[in-house]
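> please work out how this folds:
(chains A and B)
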Amino acid sequence: MTDTPIADMPDAPRRSLSARLSDWYFAETPNPAKRVQFSRPLTPWIFLLPQLAIVVIFFYWPSVQAVTSSFYIEDPFGFGSTFVGFENYTDAVTNSQYASTAWFTALFCVVVTALSLGLGLLLAVKADKVIRGAETYKTLLISVYAIAPPVAGLIGMMFFDMHMGPFTKLFAAFGYDLRVGIDYWDTAFALTVIAVWKQIPYNFIFFLSGLQSVPVSVREAALIDARSGWRRFKDIILPLLAPTAFFLLVINITYTMFDTFSIIDVIVKDKPANNPMTLVYKVYLDGFKGNDIGGSSAQSVILMIVVAALTVVQFRFLERRVHYG
Amino acid sequence: MAHLSLTSVGKTYAGGVDAVRDVNIEIADGEFIVLVGPSGCGKSTLLRMVAGLESVTHGDVRIGDRVVNRLEPADRDIAMVFQNYALYPHMNVRDNMAYGLKNRGETKSVIAERVAEASRMLELDPYLDRKPRALSGGQRQRVAMGRAIVRQPAAFLFDEPLSNLDAKLRVSMRGEIRRLQRRLGTTSLYVTHDQLEAMTLADRLVVLNGGRVEQIGAPLEVYHKPASVFVASFIGSPAMNLIDARVEAGRVLVGSHDIAPAATDAGPVTLGLRPEDLSLASTGLPVAVEHVEELGAQRIIHGEVAGQPIAIADSSASELGETVHVAATPGKIHLFARDTGRRIDLAAAATGLAHAV
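Sure, this is the predicted structure:
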């Protein structure tokens, strides 16, 4: 290591997303010698073809289909369709059931993400301190991750069963009549518990590896600098975990919005009452159970826009506050 | 600022391994003590026990008049400089230095003043708003020092702070650490495995081996009167020649060659001769030359005497034959008991008797 003072290295200026994108698009290749030259202009496209085909067939094509069919009302038996403009959208947005599902989805996202991140972090911090039997402890915690979501839903359903479920009996012991599948908020509670339980191991693994990458000497320096363990955690450990936490935040929101589908399906399916569900599940229900392809497509287009907006917000506002060591 | 005292301090790990055994050191206020020894000798463990990063299993550690065995590191009024600097990567230089003070509830003006003073002392002013990753190794090292200085602790603890720097920078930082310590007058405990660093920095050296103290003393005292074979071989470069010899009728003999008088009991001994205390002579101990290292100002002649390796630091430029004769500077020979390895005091015998070998 030589001691060259890095005297004049200014921090990279904060630039807007669009400026960065246009730079990336218009900029010259930084190292011209590395630019690969093909003698025939078609050759690179042939190399790209398999990947492009997959993206187009499984992503763009269905998206375009969804967008187009969202402007039509289709005959329930598939005999024909009528162009209706934005009617499907206005129907969806003004529908009170749609609004309540949207609210539930937002609440579900916040609660599940907060709980599974929080509990995952708590368990990881505790596991990081365990010395004896650490491997067993970690394996037990991580093993839940191997359970497929529908199976997690089934296990949850057994625990919350109205007649023989241990959780129902536990609540009954406290005098509360838990009616999962009948009562709206009881079902919401069960969904949240199962969804959080399923996601904790994932967060746990990442937080644990994040904690273990904090250098021992930095922890020791903090031990000398700060008396209170909470202070050390808040000022030193947590900021160093921030990149991990940001990544997990994105993953967890995606998980709650989309991957809880099968859990909801197992719990809510064939139940008579007005049960809570996420927007994604409603898309499926309206489209495939209600045979309202147009309305369902409109809902999924709205969902696409929401997700795109969410992604931009996350990267633009949260990432700035995250320290990447 | 305070004195430090270790009283029969020991560390036994859970498996029953003794990392440190029965260490007794009294460190005066403002003294610079260097713990030196090969890796695994327990020097870092000892330092970490003083810092509170390792529990003390035997004895007492006192900082000032307090026994600190059970105190948290943050309550011990010490500051530590780590080998890999251990700066907080998400804080800039200023916050890195201020963090400890903030937690101790110092007022903003006191913190600002102390950080400013430390940064002026260490020439860190241009870098106060930088993150550690935008600094070079030497600058990071200085920030780590700054973090220690602003606390104005009772004692500085250094854990091999220079071993991640390149050779040239190490020498200049060595000087800087010594100068700062003199100026601040803070009691310091410094761990290193580099005997040259130890010699140049220390007021007193503590040579450790296998978790025990081999010798405590001023650098020159340790150099001139090593207390054991271990210290003799560890301190000094090139290392001292240690040759199997015996004492018969008040003389030290190597093979059949008479080396010097020795007022000690007859029997086998280990004879210690520093390469720089040997010189070429017309008669004396015959050395079969094996190879020569040219260093410019001098050369190191490696050879064999009575079947044992020997090195001679020679600054003459004379032609070397296959065999050279060497003489030891009178009074500069060391004898150690063959069984215990401890030094046999020859002071009485060596003075006043000028003997060519």
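> mind checking what secondary structure the residue of the stretch 251-357 of chain B found nearest chain A has?
Chain A sits closest to residue B:296 of the stretch 251-357 of chain B, with a gap of 24.4 Å, by Cβ to the nearest Cβ. Bear in mind the C-beta positions are built from the backbone N, C-alpha and C, glycine included. Under DSSP: H, G, I helix; E, B strand; the rest coil, residue B:296 falls in the coil class.
> strands along chain A, start to end?
A:72-74, A:81-83 (DSSP state E).
> buried ones in the first one, by neighbour count?
Put plainly, it is strand A:72-74. By neighbour count on 16 or more other Cβ atoms under 10 Å in any protein chain shown, the buried set for strand A:72-74 is A:72-74.
> show me the shaky parts of the stretch 101-250 of chain A.
A:131 (pLDDT under 70).
> enumerate the residues of it near chain B.
Contact residues (Cβ under 8 Å from any Cβ of the partner chain) of the stretch 101-250 of chain A with chain B: A:215, A:217-218, A:220-228, A:231, A:235-236, A:239-240, A:242.
> my guess is residue B:280 contacts residue B:321. True?
No. With contact defined as Cβ atoms under 8 Å, residue B:280 does not count as touching residue B:321 (10.5 Å).
> still on that earlier bit, between the buried residues of strand A:72-74, which is closest to chain B?
Each of the buried residues of strand A:72-74 was scored against chain B by Cβ to the nearest Cβ, and residue A:72 proved nearest at 53.1 Å.
> check contacts around that closest one.
Listed by Cβ atoms under 8 Å, 6 or more residues apart in numbering or on different chains, the contact partners of residue A:72 are A:81-84, A:88, A:293-294.
> which one in those is the model shakiest on?
Taken together, these show their lowest pLDDT at residue A:81, with 80.
> mind checking which of the residues of the stretch 101-250 of chain A next to chain B are in helices?
Judged by DSSP state H, the subset of those located in helices is A:217-218, A:220-225, A:231, A:239-240, A:242.
> closest to residue B:333 out of the residues you listed?
The nearest member of these to residue B:333, counting by Cβ to Cβ, is residue A:217 at 44.8 Å.
> picking that back up, more neighbours: residue B:280 and residue B:321, which one.
Taking neighbours as other Cβ atoms under 10 Å in any protein chain shown, residue B:280 and residue B:321 compare with residue B:280 leading, 17 against 8.
> ok, and what's touching the helix or strand hosting that one?
Assessed by DSSP states H and E, residue B:280 sits inside strand B:278-281. With contact meaning Cβ under 8 Å, 6+ apart, strand B:278-281 is reached by B:241, B:310, B:312-314, B:316, B:318, B:324-329, B:356-357.
> could you measure from residue B:2 over to residue B:185?
11 Å (Cβ to Cβ, to the nearest Å).
> could you find the closest non-adjacent residue to residue B:155?
residue B:187 (4.5 Å; Cβ to Cβ, 6 or more residues apart in numbering or on different chains).
> same thing with residue B:147?
residue B:97 (5.0 Å).
> how near is the one you found to chain A?
10 Å (Cβ to the nearest Cβ, to the nearest Å).
> contacting residues for that residue?
Residue B:97 makes contacts with B:115, B:118-119, B:143, B:146-147, B:150, as judged by Cβ under 8 Å, 6+ apart.
> same deal with residue B:146?
B:93, B:96-97, B:115, B:118-119, B:121-122, B:124.
> so it: helix, strand or coil?
helix.
> leaving out the residues flanking it, which one is nearest to it?
Nearest to residue B:146 is residue B:118, by Cβ to Cβ, 6+ apart, at 4.3 Å.
> now that neighbour: how far from chain A?
15 Å.
> burial measure for that residue, as a count.
What residue B:118 shows, counting by other Cβ under 10 Å, is a neighbour count of 23.
> can you name the residues in contact with whichever helix or strand it is part of?
Per DSSP H and E: residue B:118 is located in helix B:108-121. Residues outside helix B:108-121 that contact it (Cβ under 8 Å, 6+ apart): B:93-94, B:97-98, B:101-102, B:106, B:124-125, B:128, B:146, B:149-150, B:152, B:180.
> in that helix, what counts as buried?
So for helix B:108-121, counting by 16+ other Cβ under 10 Å, buried means B:111, B:114-115, B:118-119, B:121.
> what does stretch A:159-179 give?
Of the residues in stretch A:159-179, those buried (16+ other Cβ under 10 Å) are A:159-161, A:165, A:167-168, A:171, A:178-179.
> among those, which one lies nearest to chain B?
Using Cβ to the nearest Cβ, the buried residues of stretch A:159-179 come closest to chain B at residue A:159, 41.0 Å.
> between residue B:2 and residue B:185, which has more neighbouring residues?
Applying other Cβ under 10 Å to residue B:2 and residue B:185 shows that residue B:2 carries more neighbours, namely 20 against 11.
> any idea how far that one is from residue B:190?
17 Å.
> cool, residue A:200 as well?
In terms of Cβ to Cβ, residue A:200 sits 46 Å off from residue B:190.
> which one's more surrounded, those two?
Neighbours per residue (other Cβ under 10 Å) separate residue A:200 from residue B:190, with residue B:190 holding more: 27 against 24.
> biggest separation within the contacts of strand B:278-281, which pair?
B:241 and B:318 (20.6 Å).
> so which of the two has more stuff around it?
Per other Cβ under 10 Å, whichever of residue B:241 and residue B:318 has more neighbours is residue B:241, with 22 against 8.
> so where's the longest helix in the chain?
Chain wasn't specified; assuming chain A. Longest helix in chain A, counting by DSSP H: helix A:96-129.
> um, chain B though
helix B:167-184.
> who are the packing partners of that one?
Helix B:167-184 sits against helix B:137-150, helix B:195-201, with contacts defined as 3 or more Cβ pairs under 8 Å, 6 or more residues apart in numbering or on different chains; DSSP states H and E.
> which residues are contacting the shortest one?
Residues lying outside helix B:195-201 but in contact with it, judged by Cβ under 8 Å, 6+ apart, are B:32, B:34, B:36, B:162, B:170, B:174, B:177-178, B:190, B:192, B:205, B:219, B:223, B:234-237.
> among those residues, which are located in helices?
Reading helices off the contacts of helix B:195-201 with DSSP H, I get B:170, B:174, B:177-178, B:219, B:223, B:234.
> nearest to chain A, of those residues?
Nearest member of those to chain A, counting by Cβ to the nearest Cβ, is residue B:170, at 10.4 Å.
> how deep is the residue lying closest to that closest one once chain neighbours are set aside tucked in, by neighbour count?
Of all residues not flanking residue B:170 in the chain, residue B:162 sits nearest, at 4.6 Å (Cβ to Cβ, 6+ apart). Using other Cβ under 10 Å, residue B:162 is surrounded by 24 other residues.
> any idea how far residue B:162 lies from chain A?
12 Å.
> list the contacts of that residue.
Counting by Cβ under 8 Å, 6+ apart, residue B:162 has contacts B:141, B:170, B:173-174, B:177, B:192, B:194, B:197.
> run through the bridge partners of the residue nearest to residue B:222 when sequence neighbours are not counted.
Once flanking residues are discounted, residue B:222 sits nearest to residue B:205: 5.1 Å by Cβ to Cβ, 6+ apart. Beta-bridge partners recorded for residue B:205 (DSSP bridges): residue B:34, residue B:217.
> OK, contacts around residue B:205?
B:33-34, B:36, B:198-199, B:215-219, B:222, B:235.
> what separation do you get for it and residue A:161?
Applying Cβ to Cβ to residue B:205 and residue A:161 gives a distance of 75 Å.
> ok, now residue B:160?
63 Å.
> same thing with residue A:129?
37 Å.
> next one: residue B:316
99 Å.
> what do you get for residue B:173?
Using Cβ to Cβ, residue B:173 is found at 70 Å from residue A:161.
> and for residue B:341?
In terms of Cβ to Cβ, residue B:341 sits 78 Å off from residue A:161.
> repeat that for residue B:276.
Distance from residue B:276 to residue A:161, by Cβ to Cβ: 89 Å.
> still on that earlier bit, for the longest helix of chain A, packing partners?
helix A:134-143, helix A:184-212, helix A:238-254, helix A:279-284.
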